[in-house]
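Chemist: Curious how this folds, go ahead:
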Amino acid sequence: MTLPKINAPIFSTILPSTKKAVEFRPFLVKEEKSILLALRDGTSESIFQTIKDIIESCTFGKIDVNKLTVFDVEHMFIQLRIKSKGANVSLAYTCLGQVDGKTCNHQNTVTFDLNNVSVETGEGHTKRIMITDTIGMNMRYPYFNEMSTYVSAKNSNDMSTVYKIAKLCISEIFEGDIIYDSFTSEELQEWIEDLDPDNYQKIENFFNTIPTVKSKVDICCSKCGNKAIIPLEGLESFLG
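Modeler: Model (predicted):
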């Protein structure tokens, strides 16, 4: 006997980068199990692939997740989490307050409302970077399929990783009205390496101020009473 089919409700959200509406359904029990297994596995590759698969399923295959920006995916997954399991998520915080000259280290759990999360852009952010009065470059945001490289670049001082994500996200170089958008990876790397440190810093600033999901939570330690404001940034901060 065929069991009755349960139709999931359909919601809509606006993608931050395009301002276009996307319809989605909440994730199902089988998809929630996938998230828990990916978090238990703990590898970035497993978590990113699971997030990709769930977003594609929950948007009925109508969007190419690999071509979404990182902050579109962050926003989309949080909206899925809110509609699937509610807005409240439990976050763990180890108190760093001082008690009699010693760090408290008490493990606190705080409930956070995901409706307080928003996509924010860092101060001075621009996608158009000028090197001289006439020479510059236009940047694009990292796509989701480049997320592991992007995260590595943000969390590492490894210059090879930084070069790699920079090369991916320089969409064109210009000199006045002349546009250069057909160049090899080797040509682009040589061009980047010929920049002086001040101009290279402009590329790093682009990535340091890129839009991302952000919020903050007020903490009061249940043991020592120390108060703190904890900044939250990036999807990994809200995966509880």
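Chemist: Which residues are in contact with the closest residue to Ser84 other than its chain neighbours?
Modeler: Nearest in space to Ser84, with sequence neighbours left out and distances taken as CB to CB, 6 or more residues apart in numbering, is Pro26 at 3.8 Å. Using the backbone N, CA and C atoms, a C-beta is placed for each residue, glycine as well. By CB atoms under 8 Å, 6 or more residues apart in numbering, the residues touching Pro26 are Ala8, Pro9, Phe11, Cys58, Leu80, Lys83, Ser84.
Chemist: right, and the helix or strand after the lowest-mean-pLDDT helix or strand in the chain?
Modeler: Ranked by mean pLDDT, DSSP states H and E, the helix or strand of the chain with the weakest confidence is helix 147-155, at a mean of 69. Of the helices and strands lying after helix 147-155 in sequence (DSSP states H and E), the nearest is helix 159-169.
Chemist: pLDDT on that next one, on average?
Modeler: Average pLDDT, helix 159-169: 80.
Chemist: Contacts for the helix or strand following that helix, please.
Modeler: Downstream of helix 159-169, the first helix or strand assigned by DSSP H and E is strand 170-175. Residues outside strand 170-175 that contact it (CB under 8 Å, 6+ apart): 134-140, 179-181, 183, 188, 191-192.
Chemist: Check which residues of strand 170-175 are buried.
Modeler: Ile170, Ile173, Phe174 (16 or more other CB atoms under 10 Å).
Chemist: what separates that strand from the chain centre, distance-wise?
Modeler: Offset of strand 170-175 from its chain centre (CA atoms, centre = their mean, to the nearest Å): 25 Å.
Chemist: show me what contacts Trp191?
Modeler: Applying CB under 8 Å, 6+ apart, the residues near Trp191 are Ile173, Phe183.
Chemist: report the angle between the axes of the host helix or strand of it and helix 159-169?
Modeler: Using DSSP H and E, Trp191 sits in helix 185-193. Helix 185-193 and helix 159-169 meet at an angle of 110 degrees, taking axes from the mean of the first three to the mean of the last three CA atoms, to 10 degrees as the criterion.
Chemist: For helix 185-193, list the C-alpha coordinates in CSV.
Modeler: Below are the C-alpha coordinates for helix 185-193, written out as CSV (Å, rounded to 0.1, in the frame of the first residue of the first chain):
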residue,chain,number,x,y,z
SER,A,185,47.0,31.9,-14.8
GLU,A,186,50.8,32.2,-15.1
GLU,A,187,50.5,35.7,-16.6
LEU,A,188,48.1,36.8,-13.9
GLN,A,189,50.3,35.4,-11.1
GLU,A,190,53.3,37.2,-12.5
TRP,A,191,51.3,40.4,-12.7
ILE,A,192,50.2,40.0,-9.0
GLU,A,193,53.7,39.3,-7.9
